[in-house]
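Undergrad: the following block contains a protein sequence and its predicted model.
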Amino acid sequence: MTAYAAEDNRTLTLTDGLVSVTSGTFKVNATGTATMLWISTAPQSFTAGTTSATITVAQTDAYANPMAAAASIVVTLTTNSGTGGFVDAVTNAPITTVTIAMNEPSASFKYAETAVGSPKITVSPPGSSTLTAATQTETVTP
């Protein structure tokens, strides 16, 4: 058996014909190696001239299990829209980066857009990082 999702309180049930046995609970650990950034919130849909709900970027293993950062990671935020930008999730101040703090798996931000369309946002790791960037397409309505 291979379990890809890290979780607590996992059980395993084996069935052979009429006999079925369930194990006690156990923990499935993440792979231990962070390999990518992942936008863990669903794509946003919001009205032009406003901001999205909070968007979360996480450092994860290859199976999208969040991994705590061994050191702070500055994540660059970009968009293919000439009219969109990013704001701090708490203060709504304009930003171009977020930091995944040491011992934390994620950081949050919001996206602001004035034009109707389907802008693509990208979260990118620092240039020296081996983490893979992530993208997501948002929907901006009239």
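TA: Looks like it arrived, so ask away. Computed from a predicted structure; not experimentally measured.
Undergrad: below-threshold pLDDT in the chain: ranges please.
TA: Applying pLDDT under 70 to the chain flags the ranges 1-12, 26-31.
Undergrad: mind listing the helices for it?
TA: Counting by DSSP state H, the chain has no helices at all.
Undergrad: and the residue located most distally from the centre of it, backbone torsions?
TA: Largest separation from the mean C-alpha position in the chain: Leu18, at 42.7 Å (Cα atoms, centre = their mean). When quoted as degrees, to the nearest 10, the phi and psi of Leu18 stand at phi -90, psi -10.
Undergrad: residues contacting Gln59?
TA: 34, 36-38, 66-69, 73, 100, 105-106, 131 (Cβ atoms under 8 Å, 6 or more residues apart in numbering). For the C-beta atoms, the positions are set from N, CA and C on the backbone; glycine is no exception.
Undergrad: dig out what it forms beta bridges with.
TA: Leu37 (DSSP bridges).
Undergrad: just the contacts of Gln59: which are in strands?
TA: 36-38, 73, 100, 106 (DSSP state E).
Undergrad: now, among those residues, which is nearest to Thr114?
TA: Distance ranking of the ones in strands among the contacts of Gln59 against Thr114, using Cβ to Cβ, places Leu37 first at 26.1 Å.
Undergrad: how many residues are close by the closest one?
TA: Neighbours of Leu37 under the rule other Cβ atoms under 10 Å: 25.
Undergrad: so it sits right up against Pro125, yeah?
TA: Yes: counting by Cβ atoms under 8 Å, Pro125 is a contact partner of Leu37 at 5.9 Å.
Undergrad: can you list residues touching both of these two?
TA: Joint contacts of Leu37 and Pro125 (Cβ under 8 Å, 6+ apart) are 75, 131-133.
Undergrad: gap between Leu131 and Val74?
TA: Using Cβ to Cβ, to the nearest Å, one gets 12 Å for the distance from Leu131 to Val74.
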